[in-house]
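Q: Can you look at this prediction? I've put the sequence above it.
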Amino acid sequence: MSPVAVAHTEAFAVALPVGRWSSDPAIVDAHRLDRSGWSPDGRPLGVAFAQEVADVQAVLRVAAARRVTVTVRGAGTGLAGGAAAGAGGVVLDLSGMNRIRELSVADAVAVVEPGVITADLDAAARAAGLSYPPDPASAAISTIGGNIATNAGGLRCAKYGVTRESVLGLDVVLADGQLVRTGRRTVKGVAGYDLTGLFVGSEGTLGVIVGATVRLRPLPRATVTLAAFLDTVADAVDAVTALGEAGVVPAVAELLDARTLVAVNAATGADLASSGSVFLLVQTDGFGAETEADVAQAVLAERARAVRRSTDAATADALLAARRAALPALERLGRVLIEDIAVPRSRLAEAARRVTEIGAATGVDIYTLAHAADGNLHPIIVVDPAEPEIPPRAWAAAEQIFALALDLGGTVTGEHGIGVLKRRWLAAELDPAAHDLQRRLRTTFDPAGTLTPGRAL
């Protein structure tokens, strides 16, 4: 390290309690990358392991005084490079701030720290007769803070919306170390600007989330799971469209294409591919789950080779596990580049078809899964792990996928965020005046540009 870097490192070590700072290369390397596959040049100065709000404030004050950049990290499950840190900066690890501070049944809210694992909050809520609806595929390993920072979506978005719909208030440490509180405990509230909504999805560029008040929902009295097996993605999309026309609002509507289904079978030992080429998982829940499932089953039966129905938790969990196993199954095949475009639902079949054409034209292996009810498509590019970096043909395929999303009136990211990997495509999507306004807003919150530099905008 240079003398300046040594001085910076010592300043962070002094500002934090013993054991909450490390510049050990092995520890730094274990915390400098996320799940995106993107690796920035160089090694950060060190890692700050926050246990309290005061730790976060101390790190940001030192960073502001010394003009050292800070990359905020939860579980490192991000897929857009947002938590990957390079030379000269520090990693602020919030995973140790993992307490559920309050769970109120009367108010149907929970007050949590950012490092709480999403599935753990849902489990705690369920033990009290409630649930936490946001359900990203990474729920078992991702944190609430990371979900809020990226406005994560997930399997239950079809009915319950993305993370933003469940966030009522936030505690945020700004770039200068100041703690601010936004929002409230009530579902309604329009006093002042919606700063809570502004921070949700800001990817750590406006402040560091250190606490959240989130909305809980009643635990569904019943859940019915339908597994439909169809010949084509177009058939599956047509079925989802027909569900909407029939008045069905599924809690879950997940689609796996033929190639992904084969990979899941190989990884898990399941036998789903024997029933059809495309897998569509639909769940209904609530007091009317059975009635709604009757309608959904009739709609699916008109289009599918086979439809399986389950009301027992074990079978439903096994089918959901197959969907959640999709990404790990593909990661077994090679290095993955994960996209998350969203298009109007009426264009989803066209988007899936054109993604297949892009794969054929570029010679890139692309596997497709989707949150079908809201038009969110995940084309997963898989490349040979022996290649030291993602090859140009894979990047070319990704760029064509982004262009496709915009051409169909959609977005380059439905739930993973912009991070580093999609920044240049953001300009193609946003109105220029709106893009400039967002940049000026970011400068207002972080004049020195120390928070998660090079991300989002």
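A: Structure received.

Q: When you work out contacts or count neighbours from here on, use the C-alpha atoms and nothing else.
A: OK.

Q: Okay, Ala349 and Ala64: tell me how far apart.
A: The gap separating Ala349 from Ala64 is 48 Å, by C-alpha to C-alpha, to the nearest Å.

Q: wait, Ala149
A: 21 Å.

Q: got it, and Glu415?
A: Glu415 sits 30 Å away from Ala64, going by C-alpha to C-alpha.

Q: any idea of the mean pLDDT for stretch 377-389?
A: Averaged over stretch 377-389, pLDDT sits at 89.

Q: which other residues reach it?
A: 330-331, 333-343, 348, 352, 355, 364-371, 390-391, 394, 398 (C-alpha atoms under 8 Å, 6 or more residues apart in numbering).

Q: Now which of the residues you listed would you call buried?
A: Buried members of the contacts of stretch 377-389, scored by 16 or more other C-alpha atoms under 10 Å, are 330-331, 335-343, 348, 352, 355, 364-371, 390, 394, 398.

Q: Run through the strands of the stretch 201-350 of the chain in chain order.
A: When assigned using DSSP state E, counting those that start in this stretch, the strands of the stretch 201-350 of the chain occupy the ranges 208-215, 217-218, 223-230, 252-256, 278-285, 306-310, 335-338.

Q: The second one pairs with which strands, parallel or anti?
A: Each strand that strand 217-218 pairs with, and the sense of that pairing, follows from DSSP bridges: strand 130-131 (antiparallel).

Q: do the first one as well
A: Within its sheet, and counting by DSSP bridges, strand 208-215 is paired with strand 109-112 (antiparallel), strand 167-173 (antiparallel).

Q: likewise the fourth one?
A: Here strand 252-256 is paired, per DSSP bridges, with strand 278-285 (antiparallel), strand 365-371 (antiparallel).

Q: quick one: contacts of the longest one?
A: For strand 278-285, the surrounding residues in contact (C-alpha under 8 Å, 6+ apart) are 220-233, 236, 249-258, 261, 272-273, 290, 292-293, 319-320.

Q: For the residues you listed, which ChimeraX command selects only the ones that are buried?
A: With 16+ other C-alpha under 10 Å as the criterion, this ChimeraX line picks the buried residues out of those:
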select :220,223,224,225,226,227,228,229,230,231,232,233,236,249,250,251,252,253,254,255,256,257,258,261,272,273,290,292,293,319,320
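
Q: Please list all residues in contact with Pro391.
A: Per C-alpha under 8 Å, 6+ apart, neighbours of Pro391: Val383.

Q: if I look at the closest residue to Val111 other than its chain neighbours, how far off is Ile338?
A: For Val111, ignoring the flanking residues on the chain, the nearest one in space by C-alpha to C-alpha, 6 or more residues apart in numbering is Thr213 at 4.5 Å. As judged by C-alpha to C-alpha, Thr213 and Ile338 stand 30 Å apart.

Q: Kindly report the same for Val167.
A: With C-alpha to C-alpha as the criterion, Val167 and Ile338 are 26 Å apart.

Q: And the lowest mean pLDDT element among the helices and strands of this protein?
A: helix 313-324 (a mean of 84; mean pLDDT, DSSP states H and E).

Q: buried stuff in that one?
A: By neighbour count on 16+ other C-alpha under 10 Å, the buried set for helix 313-324 is 316, 319-320, 322-324.

Q: Turn the strands paired with strand 208-215 into a markdown table, including mean pLDDT.
A: As requested, the strands paired with strand 208-215 are exported to a markdown table (pLDDT from 0 to 100):
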| stretch | mean pLDDT |
| --- | --- |
| strand 109-112 | 98 |
| strand 167-173 | 98 |
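
Q: Break the chain into its domains for me.
A: Using automatic domain parsing, the domain parsing of the chain gives 3-93, 100-218, 223-327, 334-429.

Q: At the geometric centre of this structure, which residue do we find?
A: Nearest to the geometric centre of the chain sits Ala152, at 3.8 Å (C-alpha atoms, centre = their mean).

Q: Quick one: residues contacting it.
A: Shown in contact with Ala152 (C-alpha under 8 Å, 6+ apart): 134, 136, 162-163, 201, 415-416.

Q: okay, it: pLDDT?
A: Per-residue confidence (pLDDT) for Ala152: 93.

Q: give me every residue that touches Ala326.
A: Ala326 touches 260-261, 263-264, counting by C-alpha under 8 Å, 6+ apart.

Q: which parts of stretch 241-251 are buried?
A: 241, 243, 248-251.

Q: With stretch 445-457 instead?
A: Neighbour-count burial for stretch 445-457, counted by 16+ other C-alpha under 10 Å, picks out 445-446, 448-453, 455-457.

Q: Need those residues in a markdown table (columns: secondary structure).
A: Below are these laid out as a markdown table (DSSP: H, G, I helix; E, B strand; the rest coil):
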| residue | secondary structure |
| --- | --- |
| Phe445 | helix |
| Asp446 | coil |
| Ala448 | coil |
| Gly449 | coil |
| Thr450 | coil |
| Leu451 | strand |
| Thr452 | coil |
| Pro453 | coil |
| Arg455 | coil |
| Ala456 | coil |
| Leu457 | coil |
